[in-house]
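Asks: Sequence below, structure please.
(chains A and B, ligands or ions: 2)
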Amino acid sequence: MNSSPVVELADVTKVYHLPSGDVVALDGVSLSIEEGEFVAIMGPSGSGKSTLLNQIGSLDVPSSGDLFIDGKNIGEMGDRHLTEMRLNTIGYIFQKFNLIPLLTAFENVEYPYILKHRKKDESGRVNHILEMVGIDSDLSRHRPSELSGGQQQRVAIARALVNEPKILLCDEPTGNLDTKTGRHIMDILDGLNSEGRTLIMVTHDPAIAGYASRTINLVDGRVA
Amino acid sequence: MIIKDIIFQLSIRSIRLHFLRSVLAALGIVIGVVAIASMGMMGANMTLSVTEELSSMADTLVVTAYSGGGGGGGMPGMGGGGDDDDYISQDEFDAVERIAAKYGTVYAIYQESDTIEVGDKKGRATMYGLDEDMFPGLFTLTEGAFPRSTNSVVVGPMLVERLDLKVGSKIEIGDPDEGSTTTVRVVGILEERGMSQDINSDMAIIGSEKLFTGIFGGEGEYDQVNIVLNDLDDTETVTDQIEDKLNRKEDTVTIQDSSRMIESITGTLSTMTIFVMAIAGISLLVAAVSIFNVMMMSVTERIREIGILRSIGTQKNEVRSMFLYESAILGVLGAVIGAVVSLTVGWLVVLAMVGSTEYFFAPASLVYVPFAMAIGTVTCILSGLYPAWSASNLDPIEALRAE
Ligand SMILES: Nc1ncnc2c1ncn2[C@@H]1O[C@H](COP(=O)(O)OP(=O)(O)OP(=O)(O)O)[C@@H](O)[C@H]1O
Ligand SMILES: [Mg+2]
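Replies: Numbering: from 1, shown residues only, chains lettered A, B, ... in the order given. Ligands and ions are numbered 1, 2, ... in the order given. Here you go, the predicted structure:
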């Protein structure tokens, strides 16, 4: 196995400059996550959990410090390479599902596949993944607005998986779902981890955090 | 290609989702395209029909007596020395003929206007007198024959209509109160020839030189000499030579080159066309603003969607093309509908303004349809540039946060 960590932060700081003064969202965070780990990030509201996840997800770059994803330094990348990173290496699952309203469930999953492979899916992979998360071919023809929250999150998981990302990031994936549906989603994510996929998840819920093999606590932008 | 395809699909779906709004925006483009195309076609049809009317005499040089234009010239009563007669003398005609004969046909015209009487109808008409041999080359008959005897004439179609003339009608020329009159017989009716610089035959009576000088006198005092050139390229050579011969010391004749007149008329018409089209272009400007508005709305409404697209790996330029496609689709849609409509509207405008749609399908006229389409589409794409640019430069995290 690869011995170097798949995610490594060294003294990462993120400062937002606001008219009312600077906000330090991350304050010298250092941590590393190995391939195949399931890490939960917890902490009070405003402690910087989402900010940390956005840095790892290459949606944003640190103000200072080094952040390596799969061995590459995010801080030195331009927009084009960050975007490629999001497409190829990272799968992002959001609290609000964030499906594209104009596309059907199937097309939502196929979209990143087309972006990456520059052709439509002929391998049946999209259908296979949708089935795996429990969306049948009838449901996959529906637009997101015609699906329940749990179904939308399943589609979102399928979309995050379609390009075989090294790292799956989830920001409160069950935050908008009832407990029972949340459990189904967690079962799917847990199953993915046991197949060897690296999983990093932000949550408020200790019960949900219980699925993880390690918990990182953030307080005021620092690892507690 | 397929990647463009899915981005293109998103643009189409966005337009379909806001169908009414998009159609209204495209309607602006339709109106702009129709306005520009029909104004352009109107101008082209006007130019074509005027040119056609004028070009029948494009090969004719008209020589008339110099009438003093400019400064001092001939003072009345000064008499001798100068050539201040208002006719072309036999000598001058001979000189012109010597120069121009090898380039074409030269003939002289007598012209006078007088009272005429047909039955109990009275009126005035222009009478031309010219060499009988010239008739067949200059005129086309619709009825009858060219004159053979001295007191037979041919008449123009508008005079025929006004005075109810027929082949065989008798016309009395001259005012009976002021002296003797001459009766002539109509032997032929001419085809319409239109406005022209050499001879305006449509309203005239045309007879032989002998008939003319018999009525009005003034033999060898021509009003006008026409040169019908075999080759338009000789215009300058002939003009220069005549100028050199007759106008060296002082101006005795004026030479009018009708091709230059046609040029200036068509020049004026095309300036007018461009001006009218520019006014029509204002409607396109209004359309551009409404497209801009719709595209900005589309961007604002879809900020969150843009955030999603960017966060799952869509490049900036792909987001940009998505919005550019959207405005291009609106533009092409508007331009195509505009083209179809402008064929109808343009036809009506041309019919109303020019009076004839004879040249409607001429390339010079129809070319305004693709021209207006191109302008409409380009305007539309240009108005989409800024919205597309601003969409692609949104920060993904900020965009995801939008509600
Ligand atoms: N784009 C931004 N501009 C300015 N300040 C920001 C921005 N994003 C986050 N912050 C600030 O950074 C701090 C951390 O925010 P973050 O969203 O990471 O918290 P969080 O731990 O995810 O909280 P929650 O549990 O409520 O989601 C907060 O004080 C927040 O106000
Ligand atoms: Mg958060």
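Asks: And what about the residue most central in space within chain A, helix, strand or coil?
Replies: In chain A, the C-alpha nearest the mean C-alpha coordinate belongs to A:Leu169, at 1.9 Å (CA atoms, centre = their mean). With DSSP: H, G, I helix; E, B strand; the rest coil as the basis, A:Leu169 sits in strand.
Asks: and the gap between it and ligand 1?
Replies: Using CB to the nearest ligand atom, to the nearest Å, A:Leu169 is found at 13 Å from ligand 1. In this view, the C-beta of every residue, glycine as well, is placed from N, C-alpha and C.
Asks: remind me, longest helix of chain A?
Replies: If you go by DSSP state H, chain A has its longest helix at helix A:179-194.
Asks: Give me the mean pLDDT for the helix or strand just after that one.
Replies: Sequence order places strand A:198-202 as the next helix or strand after helix A:179-194, per DSSP states H and E. Averaged across strand A:198-202, the pLDDT comes to 96.
Asks: on that earlier part again, by contact count, what packs against the longest helix of chain A?
Replies: helix A:149-161, strand A:167-171, strand A:198-202 (3 or more CB pairs under 8 Å, 6 or more residues apart in numbering or on different chains; DSSP states H and E).
Asks: CSV for those, including distance to chain B?
Replies: CSV is the format used below for those (distance: least, CB to the nearest CB, whole Å):
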stretch, distance to chain B
helix A:149-161, 7
strand A:167-171, 10
strand A:198-202, 14
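Asks: now B:Met127, what's its secondary structure?
Replies: B:Met127 ends up strand, using three-state DSSP.
Asks: Just give the number of residues close to it.
Replies: B:Met127 has 25 neighbours, counted by other CB atoms under 10 Å in any protein chain shown.
Asks: got it, and B:Asp177?
Replies: B:Asp177: 7 surrounding residues under other CB under 10 Å.
Asks: residues touching it, list them.
Replies: B:Asp177 makes contact with no residue, according to CB atoms under 8 Å, 6 or more residues apart in numbering or on different chains.
Asks: And it, how far from ligand 1?
Replies: Going from B:Asp177 to ligand 1 by CB to the nearest ligand atom gives 105 Å.
Asks: Where does chain A get nearest to chain B, which residue?
Replies: In chain A, the residue found nearest to chain B is A:Leu87; the distance is 2.6 Å by CB to the nearest CB.
Asks: Contact partners for that residue?
Replies: Taking CB under 8 Å, 6+ apart, one finds A:Pro112, A:Leu115, A:Lys116, A:Asn163, B:Ile312, B:Gly313 in contact with A:Leu87.
Asks: rerun at 10 Å
Replies: Taking CB atoms under 10 Å, 6 or more residues apart in numbering or on different chains, we find A:Leu87 in contact with A:Ser58, A:Pro112, A:Leu115, A:Lys116, A:Asn163, A:Pro165, B:Ile312, B:Gly313, B:Thr314, B:Gln315.
Asks: For the longest helix of chain A, buried residues please.
Replies: Residues of helix A:179-194 classed as buried: A:Thr181, A:Gly182, A:His184, A:Ile185, A:Met186, A:Ile188, A:Leu189, A:Leu192, A:Asn193 (neighbour count, 16 or more other CB atoms under 10 Å in any protein chain shown).
Asks: what does stretch B:41-60 give?
Replies: B:41-51, B:54, B:57-60.
Asks: dump the residue contacts of B:Thr273.
Replies: B:Met39, B:Gly40, B:Met41, B:Met42, B:Gly43, B:Ala44, B:Asn45, B:Met46, B:Thr47, B:Tyr368.
Asks: quick revisit: please verify my assumption that the residue nearest to the centre of chain A contacts A:Gln95.
Replies: No - counting by CB atoms under 10 Å, A:Leu169 sits too far from A:Gln95 to count as a contact (11.7 Å).
Asks: anything in contact with each of those two?
Replies: Counting by CB under 10 Å, 6+ apart, the residues touching both A:Leu169 and A:Gln95 are A:Val202.
Asks: which residues of chain B fall in strands?
Replies: B:60-65, B:88-89, B:104-118, B:121-129, B:141-144, B:152-155, B:170-173, B:182-190, B:204-207, B:221-222, B:224-229, B:253-257 (DSSP state E).
Asks: Could you do chain A as well?
Replies: Counting by DSSP E, the strands of chain A are A:7-18, A:21-33, A:38-42, A:64-69, A:72-73, A:90-93, A:167-171, A:198-202, A:214-219, A:222-223.
Asks: Show me the contact partners of the fifth one.
Replies: So that's strand A:72-73. A:Glu8, A:Ala10, A:Ser58, A:Val61, A:Asp66, A:Leu67, A:His81, A:Met85, A:Thr89.
Asks: That one pairs with which strands, and in what direction?
Replies: Using DSSP bridges, strand A:72-73 pairs in its sheet with strand A:64-69 (antiparallel).
Asks: same deal with the first one?
Replies: Each strand pairing with strand A:7-18, determined using DSSP bridges, is listed with its direction: strand A:21-33 (antiparallel), strand A:64-69 (antiparallel).
Asks: residues contacting the residue positioned nearest the centre of chain B?
Replies: With distances taken as CA atoms, centre = their mean, the residue of chain B nearest its centroid is B:Thr47 (1.5 Å). Going by CB under 10 Å, 6+ apart, B:Thr47 touches B:Ile265, B:Thr266, B:Gly267, B:Thr268, B:Leu269, B:Ser270, B:Met272, B:Thr273, B:Val354, B:Tyr359, B:Ala364, B:Ser365.
Asks: Quickly name whichever of these is closest to B:Ala328.
Replies: B:Ser365 (27.5 Å; CB to CB).
Asks: My guess is that closest one contacts B:Ser342. True?
Replies: No - B:Ser365 lies out of contact with B:Ser342 (CB under 10 Å); the separation is 11.4 Å.
Asks: Comparing the two, which shows the higher neighbour count?
Replies: Higher neighbour count among B:Ser365 and B:Ser342: B:Ser342, with 26 against 23, using other CB under 10 Å.
Asks: Pull up the gap between the more buried one and ligand 1, please.
Replies: 51 Å.
Asks: For that residue, which non-adjacent residue is spatially closest?
Replies: Leaving out its chain neighbours, the residue that sits closest to B:Ser342 by CB to CB, 6 or more residues apart in numbering or on different chains is B:Ala37, at 3.7 Å.
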